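J.: What shape does this take:
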Amino acid sequence: MKLRDFAAAIGLAPGTVSRALNGYAGVSAGTRARVLAEAERLGYRPDRLGRMLRTGRSETIGVLLSPPQGGFNNPFFVDWLEGIDRALAATPFTMIVTAAHSAADEMARLARLTATIGVEGVLFARTRREDPRIAFLEREGVPFATLGRTAATCPHPWVDIDHAVVGREAALRLAARGHRRIALLNTAEELMYSRHAMDGFREGLRQAGLDPRAAPVLHDAPTEAGGEAAMRALLARPGPRPTALLCGNDLMAAGAMRALAAAGLRAGADMAVIGCNDHPMCTMLDPPLTSFTAPVGHAGERCARLLLDLLGGAAPVAELIAPRLVARASDPPLAELRAA
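T.: Residues are numbered from 1 along each chain as shown. Below is the predicted model:
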């Protein structure tokens, strides 16, 4: 069955049907749902190869995973990819995933995605303030959307989880619980969300009447190993150790808790610890980790949908998601710590 025959069978214009099947903007959710249901009922399947030959389009979206992703087992990227897959499931688009292992490798893989494979658009995360990936894609004229913001002036779709909220609310919570020596084990300094978390953290300390300059801030990789290394460095600093800690993500928090244990200390007993992402692993840690929600799967889905809309001719759209705290046992008041 050809597209025009299918469109006639369900009483819609071929252009409307095409846009609905391709997930583009300009089609209501009800119409898109109706087209997909009728396609399933009538057994209609678009002729992908024929359409590619006619249009010269690859119907592929390139997804670049940035280092250090630790293979494909990082919960952040798994959640993000699942969200992207949900957005593409009802469209003809297929995603091609490539994992870079260094900054130079990122650029080489981007060039391969755009020049050799010919993807129609690109998605990537872990944005930086001055991001060479954006400059490259803009220069090549390849549409893209990002998980995260940058200082780039070129308008493009992005979705970001507001880590300034994480930093500010964590500092305020810990200060309200009596903590005065509060540290931040942050993700890599060049990442934009790291900067937002640090800015929010310092603002929260100021609002609580504490001096941000006295609060230790250490940066490391957004991994368990990074959190463990940063905690060892924090414990090696002279003077009284902090009584409370915010970690850039839950993996870093898990590594920090392991380093505490190796030093004969315990999270929730000798130091209050808060993470970010609220991954299911939080409930399996001992003690269960207080964390901020970061709906990475939803953000991945929105990134993909905004990119599809851009490919369909829509203007770039930006979305900022506010996380919320999920309280557990790892960040007790100062009075409940053994050192209090």
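
J.: Next, work out how far apart residue 146 and residue 97 are.
T.: Here the distance between residue 146 and residue 97 works out to 16 Å (C-beta to C-beta, to the nearest Å). Where C-beta positions appear, they are placed from N, C-alpha and C, glycine not excepted.

J.: Following the chain past the lowest-mean-pLDDT helix or strand in the chain, name the next helix or strand.
T.: Across the helices and strands of the chain, the lowest-confidence element by mean pLDDT, DSSP states H and E is helix 48-55, at a mean of 47. On the C-terminal side of helix 48-55, the closest following helix or strand by DSSP states H and E is strand 60-65.

J.: Give the buried residues for the helix or strand following that following strand.
T.: Following the chain from strand 60-65 toward its C-terminal end, the next helix or strand by DSSP H and E is helix 75-88. Buried residues in helix 75-88, defined by neighbour count with 16 or more other C-beta atoms under 10 Å: 75-77, 79-81, 83-85, 87-88.

J.: and helix 75-88, C-alpha only, in PDB?
T.: Presented in PDB, the C-alpha positions along helix 75-88 are these (Å, rounded to 0.1, in the frame of the first residue of the first chain):
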ATOM      1  CA  PRO A  75      23.000   4.500  34.500                       C
ATOM      2  CA  PHE A  76      22.900   8.100  33.200                       C
ATOM      3  CA  PHE A  77      23.400   7.100  29.600                       C
ATOM      4  CA  VAL A  78      21.100   4.000  29.900                       C
ATOM      5  CA  ASP A  79      18.200   6.100  31.100                       C
ATOM      6  CA  TRP A  80      18.900   8.800  28.500                       C
ATOM      7  CA  LEU A  81      19.000   6.300  25.600                       C
ATOM      8  CA  GLU A  82      15.800   4.700  26.800                       C
ATOM      9  CA  GLY A  83      14.100   8.100  26.600                       C
ATOM     10  CA  ILE A  84      15.400   8.700  23.100                       C
ATOM     11  CA  ASP A  85      14.200   5.300  22.000                       C
ATOM     12  CA  ARG A  86      10.700   6.100  23.300                       C
ATOM     13  CA  ALA A  87      10.600   9.200  21.300                       C
ATOM     14  CA  LEU A  88      11.800   7.500  18.100                       C
END
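
J.: buried residues in the helix or strand that that helix is followed by?
T.: Secondary structure here is assigned by DSSP H and E; on that basis, the next helix or strand after helix 75-88 toward the C-terminus is strand 94-99. By neighbour count, and taking 16+ other C-beta under 10 Å as the criterion, the buried residues in strand 94-99 are 95, 98-99.

J.: Much appreciated, bye for now.
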